[in-house]
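Asker: A structural model of the following input is requested.
(one chain, ligands or ions: 1)
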Amino acid sequence: MIDAATRLYCVFGNPARHSKGPVIHNTAFKNKGINAVYLAFEVQDAAKAVQAVRTLDIQGASVTIPFKESIMEHIDWIDPTARAIGAVNTIVNEDGVLKGYNTDCKAAVAPLVPFGISGKIVCIVGAGGAARAVAHGIAAQNGEIIITNRTEQKGRILAETVNARFVPANEMANIQADVVINTTSIGMTPKADKISFPPEALTSEMVVMDVVYTPLRTRLLETAEKKGCITIDGLSMFIAQAAAQFELWTGTTPDTDLMRNTISGTI
Ligand code: ATR
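Answerer: Sure, this is the predicted structure:
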């Protein structure tokens, strides 16, 4: 029951109304018997959003597009991994001290851990914020990284920061990798007919992961499945980053199967 003791958590973004955060975090709070609510706030200004966290004593916040970078200068402490990635997706309010973390990084690796990453060749498609988090996560597990991106300069900069090889987009079909991860918005509705990696470069021994989860089965994953690859959908990473946030906020591990079942029905 919501009462005077209920603690507030939220997501800041723009847009934020499509966020699946409220559904999964409120489900987890209820399941764990924690007296808290999680709301979506569509905001215009990172500084004002952070001020609201301080004023209302909001206990924790998810930070999403386009504030993951701009929020950093307004909080009090930033975790070294989030600093290296250059993006914060989680704020924890520790007795008035606002601490920033990046749970995307750990989340990108979590679904791949069962297949082993160390020594594997991992091709990351894209060089934006999501790609940076994924690349740092893979680098931390000693994966051998290939970056490919539409805009060459951006791709080369990311490749340099994580000690990876860069392959231009027009040479993507020649890439030989053990794991392919799409971090771009290609495949997302309403342009779901596009594919982020050339089908001819997919082989049956590959693990193929997409960060896109609307739709759940992107064209990349459908094609990879037909080729006999193991596929990992974007919901796996989304749930893993949310579970890591929940742990930072509450010190409790949420039921990720429950989170997944709850959200699957809403996509
Ligand atoms: P995010 O923070 O979600 O990663 P972003 O920083 O805007 O978002 O990065 C989006 C990534 O998707 C970039 O790598 C972008 O390529 P560019 O660097 O060339 O912009 C890639 N991307 C988005 N739409 C694309 C498209 N239609 N074709 C190829 N790449 C695309």
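
Asker: Of all the residues in the stretch 1-150 of the chain, which one is nearest the ligand?
Answerer: Per CB to the nearest ligand atom, Gly128 is where the stretch 1-150 of the chain lies closest to the ligand, at 1.9 Å. For the C-beta atoms, the positions are set from N, CA and C on the backbone; glycine is no exception.

Asker: show me the contacts for the spatially closest residue to that residue that is not a sequence neighbour.
Answerer: Distance criterion CB to CB, 6 or more residues apart in numbering; nearest residue to Gly128, sequence neighbours excluded, is Thr183 at 6.7 Å. Counting by CB atoms under 8 Å, 6 or more residues apart in numbering, Thr183 touches 124-126, 128, 130-131, 134, 211.

Asker: Dihedrals phi and psi, Thr183?
Answerer: phi -110, psi 0 (degrees, to the nearest 10).

Asker: what about it, distance to the ligand?
Answerer: Counting by CB to the nearest ligand atom, to the nearest Å, the separation of Thr183 from the ligand is 6 Å.

Asker: same question, Lys191
Answerer: 8 Å.

Asker: Quick check: that residue vs Glu205, distance?
Answerer: Lys191 sits at a distance of 29 Å from Glu205 (criterion: CB to CB, to the nearest Å).

Asker: and what of Arg132?
Answerer: Taking CB to CB, one finds Arg132 at 27 Å from Glu205.

Asker: go on, Thr250?
Answerer: Counting by CB to CB, the gap from Thr250 to Glu205 is 40 Å.

Asker: which one of those two has more residues nearby?
Answerer: Thr250 (19 against 10; other CB atoms under 10 Å).

Asker: hang on, that one packs against Gly33?
Answerer: No: using CB atoms under 8 Å, Thr250 is not in contact with Gly33, being 10.7 Å away.

Asker: Now for the residue nearest the centre of the chain: which residues touch it?
Answerer: For the chain, Asp104 is the residue whose C-alpha lies nearest the centre (CA atoms, centre = their mean; 3.9 Å). Shown in contact with Asp104 (CB under 8 Å, 6+ apart): 85, 87, 89, 130, 133-134, 137, 237, 241.

Asker: if I've got this straight, it is in a strand?
Answerer: No: assigned with DSSP: H, G, I helix; E, B strand; the rest coil, Asp104 falls outside any strand and is helix.

Asker: ok, and the closest non-adjacent residue to it?
Answerer: Closest to Asp104 by CB to CB, 6+ apart is Ala133, at 3.7 Å.

Asker: Which residues belonging to the strand or helix carrying the one you found are considered buried?
Answerer: According to DSSP states H and E, Ala133 maps onto helix 129-140. Within helix 129-140, the residues that count as buried by 16 or more other CB atoms under 10 Å are 129-139.

Asker: and after that helix, which helix or strand comes next?
Answerer: Next element after helix 129-140 (DSSP H and E): strand 144-149.

Asker: Could you tell me which residues of the stretch 51-200 of the chain lie near the ligand?
Answerer: Contacts of the stretch 51-200 of the chain with the ligand, taken as CB under 6 Å from any ligand atom, map to 126-131, 149-151, 154, 183-186.
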